[in-house]
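A.B. asks: Fold the stuff below for me.
(2 chains)
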Number of protein chains: 2
Amino acid sequence: MNQLHSSPSTPGVADITFSRLHNDSFLRACFRQASDHTPVWLMRQAGRYLPEYCATRAKAGSFMGLATHRDYATEVTLQPLERYPLDAAILFSDILTVPDAMGLGLSFALGEGPRFAHAVRDEAAVAKLAVPDMDKLRYVFDAVSSIRKALTQDGKGRVPLIGFSGSPWTLACYMVEGAGSDDYRLVKTMLYSRPDLMHRILAINADAVAAYLNAQIDAGAQAVMVFDSWGGVLADGAFQEFSLTYTARVLEQLKRVGPNGETIPRIVFTKGGGQWLQDMAELDCEVLGLDWTVNLTRARALVGGTDRRPGKALQGNIDPNVLFAQPAQIDREVTKVLDSFGAPYQGKGTGPTHIFNLGHGISQYTPPEHVAALVEAVHRHSRAMRAAA
Amino acid sequence: MNQLHSSPSTPGVADITFSRLHNDSFLRACFRQASDHTPVWLMRQAGRYLPEYCATRAKAGSFMGLATHRDYATEVTLQPLERYPLDAAILFSDILTVPDAMGLGLSFALGEGPRFAHAVRDEAAVAKLAVPDMDKLRYVFDAVSSIRKALTQDGKGRVPLIGFSGSPWTLACYMVEGAGSDDYRLVKTMLYSRPDLMHRILAINADAVAAYLNAQIDAGAQAVMVFDSWGGVLADGAFQEFSLTYTARVLEQLKRVGPNGETIPRIVFTKGGGQWLQDMAELDCEVLGLDWTVNLTRARALVGGTDRRPGKALQGNIDPNVLFAQPAQIDREVTKVLDSFGAPYQGKGTGPTHIFNLGHGISQYTPPEHVAALVEAVHRHSRAMRAAA
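C.D. replies: Numbering: from 1, shown residues only, chains lettered A, B, ... in the order given. The predicted structure is shown next:
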């Protein structure tokens, strides 16, 4: 068994025990508790930069063939953990599974991004939208259970499993545009000209995402993350109204406790959201993800709290392109990011904590041996920082 | 004659007189002086959304055919001023003329972005780079003189002319990538793995951009703007080292005074730079351009100064996608942006001023009549704000 338990008498997060996890550094950091090194995982760590991933994808035939197949999804989720001493696993899936389950017809043409057969562009299309039957997403929950079981059994990957979803706004971008976009013209045209329709889509998305993440928690996810990948394309004011409000609506519906009584930390990542950290500090979540444009010293001062004042754990934020430099240079850039966050909390209560990550997903062109250098540098330098304190 | 004169006895900007310009609101706002309305112009206001632009481009045969032909460049620069009561003209040109003059071979395939025949990706290519002979950019300076003459003569467009260039970093992005990019992998690989080469490119670019803008000033540009279109893709720290430093190097070489003794205001626009406003406040320039993610109330408080404290004029920042909504909605969004900046300075010295603009270039799909609605709304509401104060 590989579960976390709250103390039954005192439900505060500081009382959670992580003793049954081989490596609990990630969950401890989520709850702003000390750990002996800065935990690290990488957005999109199971992906095309790994030859073994490409081999599994070839067997599966397509991206959705991979994502919808329990055993393949389990296999690729575990692949990066075989190579690197990462401190968390993240479900292999796509952020667009929810609108696909709404009937919009998701596909991935080779070498292109996602595409929906039925974009949502008018009142009639919006009227047809509804929170999908979660049975249509059973393949995701089956994968979560399978991965969790594998993490418990194989003895190599005794790290927590993160579930995730796209944010309501990010899903809406794809649903209205029908594909990726570089100007968000269609979705913003709706936002500015028919805000009523946009709010309707976002409300449905928020309720769907909440149901989806709750089902992942039931299936065994030990943390959940909301990817607001496109929140940063919104204007100031529009971000708060059309993205943040609906992320908050997701969070307020989430289960706080998993099937075995363990408290589930919640991470919110808004790419391009660095200017809105103080708004995001109000969210009912434990961790804020940051992209590489954010100064970690300032972010910690703004929202990281202290040992006497509550705050968010911070996750991020090295530029994924650093991984194209040589190991010595990767080491130097890792050190800069760790030093920018500063001295990690080492007390017995709660204080400012850092979860190392990229500022966005890893590039498919990344040399796998450079990832090893990054993970090693994070562990080594973050241990040295603790020893020096 | 249509020139600005400094008072010979007191060279401070507050003493500049604008009496020979029909409409001096833009220049007054650049120098943080009061005007009777908030001046407005639009990034890429001469462009594909105008049918008359498309007609001229068809005559010219290609984008570079248009940009390198003095009379065509003059014609399209003036087109938006014929339609709308804009408060400034901006030279029609491209940000990549300087690297083209360095011999990199710029072209624009139809329906695609810019492309260089000779990308700069290794030490040998960097070694060949040099500040180009400004004679190769004569077509730009000829266009500036021609536009300035036309603005003086035709009586319709008595507004100042803005010259411009891409920033050293933005030029470097295109020079190394060889084209647009969505991940900046090649240019960032060089930045992280060969910072010496990147600094060499940026130093040459900065000196070239300074010479280029100085020649535009000599030819008649009454303000100059540096477009750091891709500064916002850099990591915190890297932005300061690889973009801001070289924008500062441009600014320190710029002529402060034009050929007729007029002081030349300098505008710096970093798309995605909202988190670095306090760094940019240190730049030796008069105006900071802001994209739509920036909260104008906060930007004004941080860098706008007061009537007793110096600061920057602020330019921006409505989302260009607002122009896809209907006129009543455009009016509402314009009001939000003006109100976010707040009460404009109305005294006789200097204080916080706002130049209305988009947060980025206008979309080619914009309905031209919506631009009329936006300009009208800016003028009407900004006059009402002054009357109400």
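A.B. asks: measure residue A:177 to residue A:104 for me?
C.D. replies: Between residue A:177 and residue A:104 the distance is 12 Å, computed by CB to CB, to the nearest Å. No exception for glycine: its C-beta is placed from N, CA and C like everyone else's.
A.B. asks: I should have written residue A:22 there, sorry.
C.D. replies: Taking CB to CB as the criterion, residue A:22 is separated from residue A:104 by 40 Å.
A.B. asks: neighbour-wise, which of the two wins?
C.D. replies: Neighbours per residue, other CB atoms under 10 Å in any protein chain shown: of residue A:22 and residue A:104, the larger number sits with residue A:104, 22 against 13.
A.B. asks: Pull up the gap between that one and residue A:364, please.
C.D. replies: 25 Å.
A.B. asks: Residue A:189 now?
C.D. replies: As judged by CB to CB, residue A:189 and residue A:364 stand 32 Å apart.
A.B. asks: buried stuff in the host helix or strand of residue A:26?
C.D. replies: Element membership for residue A:26 (DSSP states H and E) is helix A:25-30. Using 16 or more other CB atoms under 10 Å in any protein chain shown as the test for burial, helix A:25-30 gives A:25-30.
A.B. asks: Spell out which parts of chain A neighbour chain B.
C.D. replies: Counting by CB under 8 Å from any CB of the partner chain, the residues of chain A close to chain B are A:182-185, A:188-189, A:191-193, A:232, A:234-239, A:272, A:274-275, A:292-296, A:317-319, A:321-322, A:324-326, A:329, A:333, A:336, A:340, A:359, A:363, A:365.
A.B. asks: Over to the residue nearest the centre of chain A. Which of the three states is it?
C.D. replies: Closest residue to the average C-alpha location of chain A: residue A:225 at 3.8 Å, with CA atoms, centre = their mean. The three-state label given to residue A:225 by DSSP: H, G, I helix; E, B strand; the rest coil is strand.
A.B. asks: per-residue confidence for it?
C.D. replies: The per-residue pLDDT reported for residue A:225 equals 98.
A.B. asks: hey, what's it bridged with?
C.D. replies: Taking DSSP bridges as the rule, residue A:225 bridges to residue A:164, residue A:267.
A.B. asks: you'd agree it is up against residue A:269?
C.D. replies: Yes. Using CB atoms under 8 Å, residue A:225 is in contact with residue A:269, at 6.4 Å.
A.B. asks: Which parts of chain A are strands?
C.D. replies: For chain A, the strands defined by DSSP state E occupy A:89-90, A:106-108, A:114-116, A:161-166, A:223-228, A:266-270, A:287-289, A:313-318, A:354-358.
A.B. asks: least reliable of the ones you listed going by mean pLDDT?
C.D. replies: Across these, strand A:106-108 has the smallest mean pLDDT, namely a mean of 90.
A.B. asks: related to what we said a few turns ago, please tabulate the buried residues of helix A:25-30 in JSON lines, including the columns distance to residue B:243.
C.D. replies: What follows is the buried residues of helix A:25-30, written out as JSON lines (distance: CB to CB, whole Å):
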{"residue": "A:25", "distance to residue B:243": "35"}
{"residue": "A:26", "distance to residue B:243": "34"}
{"residue": "A:27", "distance to residue B:243": "38"}
{"residue": "A:28", "distance to residue B:243": "37"}
{"residue": "A:29", "distance to residue B:243": "32"}
{"residue": "A:30", "distance to residue B:243": "34"}
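A.B. asks: Among these, which one lies nearest to chain B?
C.D. replies: Proximity of the buried residues of helix A:25-30 to chain B (CB to the nearest CB) peaks at residue A:29, which lies at 21.1 Å.
A.B. asks: helices and strands around the longest helix along chain A, which ones?
C.D. replies: Of all segments of type helix in chain A, defined using DSSP state H, the longest is helix A:195-219. Applying 3 or more CB pairs under 8 Å, 6 or more residues apart in numbering or on different chains; DSSP states H and E, one finds that helix A:195-219 makes contact with helix A:97-99, helix A:123-128, helix A:138-153, strand A:161-166, helix A:168-177, helix A:185-193, strand A:223-228, helix A:245-253.
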